[in-house]
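[1] Provide a 3D model corresponding to the input given below.
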Amino acid sequence: MATTTCTRFTDEYQLYEELGKGAFSVVRRCVKLCTGQEYAAKIINTKKLSARDHQKLEREARICRLLKHPNIVRLHDSISEEGFHYLLFDLVTGGELFEDIVAREYYSEADASHCIQQILEAVLHCHQMGVVHRDLKPENLLLASKCKNAAVKLADFGLAIEVQGDQQAWFGFAGTPGYLSPEVLRKEAYGKPVDIWACGVILYILLVGYPPFWDEDQHKLYQQIKAGAYDFPSPEWDTVTPEAKNLINQMLTINPAKRINAQEALKHPWVCQRSTVASMMHRQETVECLKKFNARRKLKVSPFVSDFLSLTFSLSLPAPPTEPPAVSPTRSPPSPPLPSPSFLAPFFLNVIPTFFSISSR
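    As a prediction, this is how the structure comes out:
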């Protein structure tokens, strides 16, 4: 990619190897010449962008400039020059959180509590700054470095939106199917609570290694989500503390007005008193299930869909059916048992949409 016509960027930064690639962008390691500081440069070919995509890029840069938190991948510079736009982010080198977990020799409920605490801290900062992420999922949870106990970093604000206070409105159909909230699927007004729902899905996976909502058929998956049809099946959930299940229930509450918020979740005993409340038992079965969960995620997410920095490939998929079934504000009866995590063949063939970020605006 030619950068010889650039001025400020090439004067101030030196580009190195490619780290990831998207439909209209590439991420490369770069070094600021005057300081030697390393960054991840997301380079967008603006000549290929539509007017709408230009607006999305401007929104992403504006939102990222707002967010300054140790658990969020930070934007340090934004440079717009002829034909290209450069976004300079933290260089995070620890990879995905979920990949790190399966490589650990020891992983407990208390570790899951620490993970979700950091995620909630990032979400709380977003919400305090009037930002809704809209695409919380494992691919966007990174580690600052490969050091033990490295900070979890929330990445990819390509689908994020700005809201005023507790504003609820229809902002379009956006997110990743398995993490979408009932209100989005029902095409109702939504806001910050959609991020908490996604946190509930993530926490469920952190504890047992598979998601609360699953079906080969995307329509049936959406029906499960809209009905809040999840459960805590034996034997894997028998060793999870009641407090952990209680927090999940409060996050996966169908009615967004009754759903716990980020600040409240951080004050939940299972999070803020983990040393005495969360179990310290090693969860080997969770690690094994998570390995299989990671494998099928990776199979479905190509480099052109997800890399480590906001290379979301937005698909113009149809919105879910508009005729919502009658939904109780409380949990519905348990969903049918999930298939064994080792039962992968039909999942590989039929559930591609579960892993893609989608947006209608």
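[2] measure how buried Lys47 is and give me the count.
    For Lys47, the tally of surrounding residues (other Cβ atoms under 10 Å) stands at 9. For the C-beta atoms, the positions are set from N, CA and C on the backbone; glycine is no exception.
[3] excluding sequence neighbours, find me the nearest residue to it.
    Nearest non-adjacent residue to Lys47, counting by Cβ to Cβ, 6 or more residues apart in numbering: Gly83, 5.1 Å away.
[4] with His69 instead?
    What sits nearest to His69 in space, not counting adjacent residues and going by Cβ to Cβ, 6+ apart, is His125, at 4.2 Å.
[5] how much space is there between Trp197 and Leu87?
    Between Trp197 and Leu87 the distance is 28 Å, computed by Cβ to Cβ, to the nearest Å.
[6] let me redo that: His282
    His282 sits 40 Å away from Leu87, taking Cβ to Cβ as the criterion.
[7] cool, and Glu99?
    With distances taken as Cβ to Cβ, Glu99 is found 24 Å from Leu87.
[8] where along the stretch 101-250 of the chain do the helices fall?
    Using DSSP state H, counting those that start in this stretch, the helices found in the stretch 101-250 of the chain span residues 109-128, 182-185, 193-208, 218-227, 242-251.
[9] any chance of these in TSV, with mean neighbour count and distance to Cys30 too?
    Putting these into TSV (neighbours: other Cβ atoms under 10 Å; distance: least, Cβ to Cβ, whole Å) gives the following:
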stretch	mean neighbour count	distance to Cys30
helix 109-128	22	24
helix 182-185	23	36
helix 193-208	25	30
helix 218-227	20	39
helix 242-251	19	38
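[10] could I get these as a markdown table with distance to Cys272 and mean pLDDT?
    Converted to a markdown table, the helices of the stretch 101-250 of the chain look like this (distance: least, Cβ to Cβ, whole Å; pLDDT from 0 to 100):
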| stretch | distance to Cys272 | mean pLDDT |
| --- | --- | --- |
| helix 109-128 | 8 | 99 |
| helix 182-185 | 28 | 98 |
| helix 193-208 | 15 | 99 |
| helix 218-227 | 28 | 97 |
| helix 242-251 | 11 | 99 |
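[11] for those helices, give me a markdown table that also has distance to Val27.
    Shown next, in a markdown table, are the helices of the stretch 101-250 of the chain (distance: least, Cβ to Cβ, whole Å):
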| stretch | distance to Val27 |
| --- | --- |
| helix 109-128 | 20 |
| helix 182-185 | 28 |
| helix 193-208 | 23 |
| helix 218-227 | 29 |
| helix 242-251 | 31 |
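[12] who are the contact partners of Trp197?
    Applying Cβ atoms under 8 Å, 6 or more residues apart in numbering, one finds that Trp197 lies in contact with 179-182, 251-252, 256, 259.
[13] now with 10 Å, please.
    Contacts for Trp197 (Cβ atoms under 10 Å, 6 or more residues apart in numbering) come out as 136, 175, 179-184, 190, 225, 228, 251-254, 256, 259.
[14] any idea how far it lies from Glu96?
    Trp197 is 21 Å from Glu96, by Cβ to Cβ.
[15] please say which of Glu99 and Leu87 ends up with more neighbours.
    Regarding Glu99 and Leu87, a neighbour count based on other Cβ under 10 Å identifies Leu87 as having more, with 25 against 17.
[16] isn't that one up against His76?
    Yes. Using Cβ atoms under 10 Å, Leu87 makes contact with His76 at a distance of 8.9 Å.
[17] find residues that contact each of those two.
    Jointly contacting Leu87 and His76 under the rule Cβ under 10 Å, 6+ apart are 39-40, 64-65.
[18] quick one: low-confidence parts of the protein?
    Under the criterion pLDDT under 70, the flagged ranges of the chain are 1-7, 300-361.
[19] how's it carved up into domains?
    Domain assignment for the chain, taken from the TED database, gives 11-90, 95-301.
[20] gap between the last one and the chain center?
    Put simply, domain 95-301 sits 8 Å off its chain's centre (Cα atoms, centre = their mean, to the nearest Å).
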